[in-house]
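Participant: quick one: sequence plus predicted model below, questions after.
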Amino acid sequence: MTIDLETVARERGIKSFLISYSDLFGVQRAKLVPTAAIKGMQKSGAGFAGFATWLDLTPADADLFAVPDPQSLIQLPWKPEVGWLAADLWIDGREVEQTPRNLLKKLKADAAAKGFQLKTGVECEFFLITPDGHGIGDAADRQEKPCYDQSALMRQYDIITEISDAMLALGWNPYQSDHEDANGQFEMNWAYDDALVTADRHSFFKFMAKSIAERHGLRATFMPKPFIGLTGNGCHAHVSLWRDDKNLFEDESGDLGVSALGYNFIGGIIRSADALCALFNPTVNSFKRINAPRTVSGATWAPNTVTYTGNNRTHMIRIPEAGRFELRLADGAANPYLLQAGILAAGLDGIENKREPGKRLDINMYTDGHTVKNAKKLPLNLLDALRALQQNTVLKERLGVFVPAYVKLKTEEWHSYARHLTQWERDATLDC
Ligand SMILES: [Mg+2]
């Protein structure tokens, strides 16, 4: 049944809608539309000049239309008179294929045609910092090993519970929140769901955490490594593949309770891991989280090598229990739609081509990683990751026109970074 947004607005007291989309860099763009105009917008979309955002369009391109998906409607918990809508992008009556939500929807439809549905949960880590971005939001949060710090958690009770209560009211089934491994760092978990639902919620969560923190005089950041000596912001994903109500990764007789199909899916991720970094670790700063030296707390909790294991957090992929795995590669900067799209594309390649993940390693990678021979290393910087993506035929084929568009814009970003003269260079080179 079609949802009529004008009727819904009247029933729920919505005065305006934010018609929102995520561009290739994960920046959320929106137009604010009064309810009186939503009927036309629901049909034809809100108009944008696409070139003005990160989509690889030109100023000469025709109007970009963001057509809202009524299923994604969320009333802003902190301002219920506004309804947020995730949108799909169109130009000249055609879907803009390289845009993240359109891309995920296409991959989701391809998977569905083969009888597969990806379900994921994401673990969003973020810091609460001062508005100027330089300090931890709570000056008393100074423990050397701050993970699960009860008092520091309770000092941010008002912000954390406002977000958690909002998720409860939205029906996301949040189940826990904690202080994470860095000073000022928190994580909030809600139930896993269909990959597109999770991607929409993940986008909205970032918007919500930032908005609510701001209302309390602080700033929420998902930056992968905002403080060099502290643990970074990961975005671990818990992955399973379903057909109807059956989890296809579950197999009592399989190693660790995971089916052969599940291991093939993992094999696909392992095969493309270096290229996936371009999507999962999409900023210059991302590579200060993976491949990082030990933090003050004792561990980075981030991988540097392409390996998998059982219930052991020192590897890129962990199988904590039967029927699912945790991918620990992505960070807080990952575009929620591209995170799901990358998992799906690489995983289905693994299934279709029966990729083997290799031998499971049951060692502490942080202390004994050097003893592992022949395991692929993760890229050391964004440029290497982009080159790996460019060379990955599997992802190029499955992600289509997205790959050249993304590589082009991200390479420009790399050049913009490389043009900066840093203090480190001056310190290390002035007396050369
Ligand atoms: Mg965590």
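Facilitator: Happy to help now that I have it. Numbers count the residues shown, from 1 in each chain.
Participant: ranges for the strands of the stretch 51-200 of the chain?
Facilitator: Here the stretch 51-200 of the chain has its strands, by DSSP state E, counting those that start in this stretch, at 64-68, 74-76, 79-91, 94-95, 117-129, 174-179, 185-190, 193-194.
Participant: again with the stretch 201-350 of the chain
Facilitator: Under DSSP E, counting those that start in this stretch, the stretch 201-350 of the chain gives strands at 219-221, 235-243, 246-247, 308-309, 317-321, 324-327.
Participant: nearest to Glu95, of these?
Facilitator: strand 235-243 (25.1 Å; C-beta to C-beta). C-betas here are computed from N, CA, C, even on glycine.
Participant: how about the closest one: buried residues?
Facilitator: Residues of strand 235-243 classed as buried under the neighbour-count rule (16 or more other C-beta atoms under 10 Å) are Cys235, His236, Ala237, His238, Val239, Ser240, Leu241, Trp242.
Participant: and for stretch 110-128?
Facilitator: So for stretch 110-128, counting by 16+ other C-beta under 10 Å, buried means 111, 116-128.
Participant: can I get the strands of the stretch 201-350 of the chain in a markdown table with distance to Ala275?
Facilitator: Formatted as a markdown table, the strands of the stretch 201-350 of the chain follow (distance: least, C-beta to C-beta, whole Å):
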| stretch | distance to Ala275 |
| --- | --- |
| strand 219-221 | 27 |
| strand 235-243 | 17 |
| strand 246-247 | 27 |
| strand 308-309 | 17 |
| strand 317-321 | 16 |
| strand 324-327 | 14 |
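Participant: can you put the ones you listed in TSV and add mean pLDDT and distance to Glu187?
Facilitator: Listed next are those as TSV, based on pLDDT from 0 to 100; distance: least, C-beta to C-beta, whole Å:
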stretch	mean pLDDT	distance to Glu187
strand 219-221	98	12
strand 235-243	98	9
strand 246-247	98	24
strand 308-309	96	21
strand 317-321	97	16
strand 324-327	98	13
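Participant: right, so of the ones you listed, which gets closest to Asp138?
Facilitator: The closest of the strands of the stretch 201-350 of the chain to Asp138 is strand 219-221. By C-beta to C-beta, the value is 12.5 Å.
Participant: so what are the sheet partners of that closest one and their directions?
Facilitator: strand 117-129 (antiparallel) (DSSP bridges).
Participant: what's the angle between the partner strand and strand 235-243?
Facilitator: Strand 117-129 and strand 235-243 meet at an angle of 160 degrees, taking axes from the mean of the first three to the mean of the last three C-alpha atoms, to 10 degrees as the criterion.
Participant: what is the mean pLDDT for strand 117-129?
Facilitator: If you average the pLDDT over strand 117-129, you get 98.
Participant: equivalent analysis for stretch 423-432, please.
Facilitator: The average pLDDT within stretch 423-432 is 96.
Participant: next, the buried residues of it.
Facilitator: Within stretch 423-432, judged by 16+ other C-beta under 10 Å, no residue is buried.
Participant: correct me, but Arg398 touches Gly347?
Facilitator: No: here Arg398 lies out of contact with Gly347, judged by C-beta atoms under 8 Å, at a distance of 10.4 Å.
Participant: which residues of the stretch 101-250 of the chain fall in helices?
Facilitator: 150-155, 157-170, 195-215 (DSSP state H, counting those that start in this stretch).
Participant: closest one to Asp4 among those?
Facilitator: Checking those against Asp4 by C-beta to C-beta gives helix 195-215 as the closest, at 19.9 Å.
Participant: go through that closest one and flag the buried ones.
Facilitator: Neighbour counts over helix 195-215 (16+ other C-beta under 10 Å) mark 195-210, 212-213 as buried.
Participant: before we move on, what about stretch 38-46?
Facilitator: Using 16+ other C-beta under 10 Å as the test for burial, stretch 38-46 gives Ile38, Met41, Gln42, Gly45, Ala46.
Participant: what does it rub up against?
Facilitator: 4-6, 9, 17, 19, 31, 33, 65-68, 70, 87, 90 (C-beta atoms under 8 Å, 6 or more residues apart in numbering).
Participant: ok so Tyr21 is a strand residue?
Facilitator: Yes: residue state for Tyr21 (DSSP: H, G, I helix; E, B strand; the rest coil) corresponds to a strand.
Participant: show me what contacts it?
Facilitator: Gln28, Arg29, Ala30, Ala66, Ala86, Ala87, Asp88, Leu89, Thr99, Arg101.
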